[in-house]
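Q: have a look at this prediction, sequence included:
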Amino acid sequence: MPARHRSRQHALQVLYQWDMRKQPMEEALESFYESVGSPDAETRLERDEFMEKLVRGASLRCAEIDARIVKHSAHWRLERRSSVERNILRLAVYEMSVGGTPAAVAIDEAIELARRFSGDESVPFINGVLDAVRKEKPEEESRESENSSQDTEDT
């Protein structure tokens, strides 16, 4: 299994724990590392910088990400979706928006996570929401670039 795919699986597990236990992200990360390795140092999981970047970023921007998800979740309140679905969406929206991952890759990875951890019935919902978020992204970026070009013209 490719390393980034495994990192995303681990990130989903950490975000799920963080979401369910309502604990600080650093505690969720430490709990994850403790749970996947045995007490002896030879079998402990090494720190995963990519996974940690994903979970810290998604958790720090959770309110903003959730607002974007809700905007595209017609007739569904976010809290009515399963924690697994919520966190798959948070992870993918973070990756597409801030994490530098191409939208197609983030969506494909999210769909694979949904199939593995949530079930095939989640796939159309997750795909639809993420596709809508992807379509809004260029519009926002063009507004930002217009604003920055106006700022430079004014100086």
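A: Noted; the coordinates are in hand. Numbering: from 1, shown residues only.
Q: got the contact list for Val36?
A: If you count contacts by C-beta atoms under 8 Å, 6 or more residues apart in numbering, Val36 has them with 10, 45. In short, each C-beta sits where N, CA and C put it, glycine included.
Q: at 7 Å what do you get?
A: With contacts defined as C-beta atoms under 7 Å, 6 or more residues apart in numbering, the neighbours of Val36 are Leu45.
Q: try Ile107
A: By C-beta under 7 Å, 6+ apart, the neighbours of Ile107 are 92, 127, 130-131, 134.
Q: one more time with 8 Å
A: 92, 96, 127, 130-131, 134.
Q: hmm, which of these are the buried ones?
A: Buried residues within these, counting neighbours by 16 or more other C-beta atoms under 10 Å: 92, 96, 130, 134.
Q: the second one contacts Glu109, doesn't it?
A: Meaning Met96. No - in this structure Met96 lies outside contact range of Glu109 using C-beta atoms under 8 Å: 10.4 Å.
Q: check which residues of stretch 8-27 are buried.
A: Buried residues in stretch 8-27 (16+ other C-beta under 10 Å): 8-19, 25.
Q: roughly how far apart are the spatially most central residue of the chain and His75?
A: With distances taken as C-alpha atoms, centre = their mean, the residue of the chain nearest its centroid is Leu91 (0.5 Å). According to C-beta to C-beta, to the nearest Å, Leu91 stands 23 Å off from His75.
Q: got any ranges where the protein has weak pLDDT?
A: Scanning the chain with the threshold set as pLDDT under 70 gives 1-2, 37-44, 76-79, 137-155.
Q: mind running it again at 50?
A: Residues of the chain that meet the criterion pLDDT under 50 lie in 139-155.
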